[in-house]
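Engineer: structure here, sequence nowhere to be found:
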């Protein structure tokens, strides 16, 4: 079981908007550094005087060499984090949880399926695979969002196109949108999928992950070759409060990244 560690002082090196309600925040140590994070792991970020929330790292080395987290303002703490400006201080503890099993993907095609801000925990995977392209097969990145305005990392996604197969879709188009329209699973039809040698990594709203994983299994991927990140209701990061329980799993401890073969049946149980 994870143990409680006091937050270390970090300061904001930079912030920038991703969407109207979502910001990326780069944090650098103001003293002692945390241990290195792996793609998919999360930190507890403490906004002084407000509280703390678990947030997965969206880049392991940002513009100023720090750790980047992408936060959507949906509550008091996340809104406070989105108001931070360079030079402000926060408390940071971690890394917590399981990361994406990139070693299992070595020698395989890598398929990333992301919905909305679910691209944030997968972004370090894209960086890692592109940094070691010789170790992997072709990389495909499928991204879905509600509207064009909800797409995060838009410029960076475009920069991946020269090194990976990138497909983007939205649920509801806006004037000027010339891309695909529909749920992210419709993009699978565009791929020449090789299921026997593909590893899929999926993150987004739970209903999207459930349908994406089931679709991939239907297309021939073995469930153990599909990884999902289930960050729902994480609260304490240490497996004590029970907010993130999914059947026998405490996702802040046993996840958030888990093999689909471990959770396929659990995700079908209503209100579990």
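Structural biologist: Nice, thanks for sending it over. Treat the numbers as computed from the prediction; the structure is a model and nothing was measured. Residues are numbered from 1 along each chain as shown.
Engineer: for the rest of this, base every contact and every neighbour count on C-alpha atoms.
Structural biologist: Will do.
Engineer: where does the stretch 151-272 of the chain have low pLDDT?
Structural biologist: For the stretch 151-272 of the chain, applying pLDDT under 70 flags the ranges 270-272.
Engineer: please, where are all the helices along it?
Structural biologist: Ranges of helices in the stretch 151-272 of the chain, per DSSP state H, counting those that start in this stretch, are 154-160, 206-218, 251-254, 260-263.
Engineer: tabulate the ones you listed (CSV), appending distance to residue 105 and mean neighbour count.
Structural biologist: Output for these, formatted as CSV (distance: least, CA to CA, whole Å; neighbours: other CA atoms under 10 Å):
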stretch, distance to residue 105, mean neighbour count
helix 154-160, 19, 13
helix 206-218, 16, 18
helix 251-254, 20, 24
helix 260-263, 15, 18
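Engineer: could these go into TSV alongside distance to residue 51?
Structural biologist: Formatted as TSV, the helices of the stretch 151-272 of the chain follow (distance: least, CA to CA, whole Å):
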stretch	distance to residue 51
helix 154-160	30
helix 206-218	25
helix 251-254	18
helix 260-263	31
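Engineer: residue 135 touches residue 106, doesn't it?
Structural biologist: Yes. Counting by CA atoms under 8 Å, residue 135 does reach residue 106; the two are 5.6 Å apart.
Engineer: other SSEs contacting the biggest strand by length in the chain?
Structural biologist: Looking across the chain with DSSP state E, the single longest strand is strand 8-19. Packing contacts for strand 8-19, counted by 3 or more CA pairs under 8 Å, 6 or more residues apart in numbering; DSSP states H and E, involve strand 22-29, strand 89-96.
Engineer: how about JSON lines for those strands, with mean pLDDT, distance to residue 266 and mean neighbour count added?
Structural biologist: Below are those laid out as JSON lines (pLDDT from 0 to 100; distance: least, CA to CA, whole Å; neighbours: other CA atoms under 10 Å):
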{"stretch": "strand 22-29", "mean pLDDT": "98", "distance to residue 266": "30", "mean neighbour count": "24"}
{"stretch": "strand 89-96", "mean pLDDT": "96", "distance to residue 266": "23", "mean neighbour count": "22"}
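Engineer: ok, which of the ones you listed comes nearest residue 44?
Structural biologist: Distance to residue 44, taken as CA to CA, is lowest for strand 89-96 among the helices and strands packed on strand 8-19, at 5.3 Å.
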